[in-house]
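Undergrad: Starting from these lines, generate the structure:
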Amino acid sequence: MADKLKDTLFPLEKVQLFGTVLKDVYPPFQSEEFVAAVCDKDWPERELKEKMRHTTLCLHQFLPHNFGKAVQILIAIVPKVSGFEAIVLPDYVEVYGQEHWYIALPALGELTKCGSSEFGIRPFLNKDLEGAMKYMLAWAGSDDFRVRRFASEGCRPRLPWASGVPALKKDPSLILPILEKLKDDPEEFVQKSVANNLNDISKDHPELVLDICERWQGKSENTDWIIKHACRTLLKQGNKRAMLLFGFANPELMKVEDFQLSNTAPAIGDDISFHFKLAIDTKQKQKVRIEYIVHFVKASGKTSPKVFQIKEVEMKPGVHTISKKHTFKNMSTRKHYPGQHTFEIVINGAIKASAKLQLN
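TA: Coordinates of the predicted model:
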């Protein structure tokens, strides 16, 4: 995906447009020289983040070296840029704003309106966590949903592709007032960030997140959506408290029978199917979460489990036949290796049946 993004987000015409926009706002800007510096002989081979940082360094050559003046120019072009240009602007503040705290932090709050400042804020969080989090808390009350989303996204303990903030991973207490402010936000963009933040926290502090979700449950439709999405990792792990929170029935009342794989010796690239019978021994409908786990063989020869959801549904008492297709085609996110793979059927967090196949 990064290979595609580096080409789609950073084509020559976007660099040229960036230079034109900067010159419109700041006439002394040498746009042609800037484009030549950015699109050097190594440009096509640079990866996504390398292109972003290279552009930032080139930009610094042609902007005023007074950080405050440079930031004023960058803020002025916010309404005119998106995509490639937008992700460079917070990076400029990250690189050159470390010694200009009271200019840099407000600037990130403005620049996030065209391209999220979630990566740019991370070094500031590591430098002065409490100081930076005061800005984050204030941004959570913004009228602009992009700024509110940044307030949550920027302090995620496990933000993908971002530098880590170990203090937040160890103790997320400074994050919680921000999430409280945003727990009933009307914007889906913000809701997803709050849920992802809580999901990050749940990986290190599951009981804390469950305490929050139990307290928030039923407050509104928005909040209920957030807590369900926030608990996705806990549900995949079969956490009993999470299962109870969302009303999933006791798995001891259910049995899996006649679990069969259509092919026990497929080749890489093949599709298989499997089916089983789910027996529900109750008098009333039950809320059921049906998943399966595949223990994939890795390049090292060891196995690693991955959970796949089949469905969540209310089911009547009795016996139900469940069928599912699974592919062993290689993907950008998963490469397959030969060896013994184990399939497990999971009902409301409990493993109920297993079968093995030999992938060739």
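Undergrad: tell me which element residue 295 falls in.
TA: Taking DSSP states H and E as the criterion, residue 295 maps to strand 286-297.
Undergrad: what helices or strands is that strand leaning on?
TA: Using 3 or more Cβ pairs under 8 Å, 6 or more residues apart in numbering; DSSP states H and E, the elements in contact with strand 286-297 are strand 271-280, strand 303-315, strand 318-327, strand 339-347. Heads up, the C-betas are built off the backbone N, CA and C, glycines and all.
Undergrad: So which bits of it are buried?
TA: When neighbours are counted by 16 or more other Cβ atoms under 10 Å, the buried residues of strand 286-297 are found to be 286, 288-297.
Undergrad: and which of those residues is nearest to residue 333?
TA: Checking these against residue 333 by Cβ to Cβ gives residue 296 as the nearest, at 11.7 Å.
Undergrad: who's that closest one bridged to?
TA: Beta-bridge partners of residue 296, counted by DSSP bridges, are residue 304.
Undergrad: was I right about it contacting residue 307?
TA: No - with contact defined as Cβ atoms under 8 Å, residue 296 does not count as touching residue 307 (11.5 Å).
Undergrad: Residue most distant from the centroid, this structure?
TA: Among residues of the chain, the one most distant from the C-alpha centroid is residue 283; the distance is 40.6 Å, by Cα atoms, centre = their mean.
Undergrad: could you list every residue that touches that residue?
TA: For residue 283, the contact set (Cβ atoms under 8 Å, 6 or more residues apart in numbering) comprises residue 317.
Undergrad: From residue 244, how far out is it?
TA: With distances taken as Cβ to Cβ, to the nearest Å, residue 283 is found 20 Å from residue 244.
Undergrad: again with residue 61
TA: Residue 61 sits at a distance of 59 Å from residue 244 (criterion: Cβ to Cβ).
Undergrad: And these two? Which one has more around it.
TA: Neighbour tally, residue 61 and residue 244, criterion other Cβ atoms under 10 Å: the higher count belongs to residue 244, 15 against 12.
Undergrad: my read is residue 255 is in a strand, agree?
TA: Yes - when the secondary structure is assigned by DSSP: H, G, I helix; E, B strand; the rest coil, residue 255 falls within a strand.
Undergrad: Quick check: bridge partners of it?
TA: Residue 255 has these beta-bridge partners by DSSP bridges: residue 279.
Undergrad: And for residue 261?
TA: Beta-bridge partners of residue 261, counted by DSSP bridges, are residue 274.
Undergrad: any idea how far it lies from residue 216?
TA: With distances taken as Cβ to Cβ, residue 261 is found 41 Å from residue 216.
Undergrad: repeat for residue 350
TA: Distance from residue 350 to residue 216, counting by Cβ to Cβ: 26 Å.
Undergrad: Mind checking which of these two has more residues around it?
TA: Neighbours of residue 350 and residue 216, each counted by other Cβ under 10 Å, are more numerous for residue 216; the result is 19 against 15.
Undergrad: wait, residue 177 sits on residue 137?
TA: Yes - because the distance of 5.8 Å satisfies Cβ under 8 Å, residue 177 is recorded as touching residue 137.
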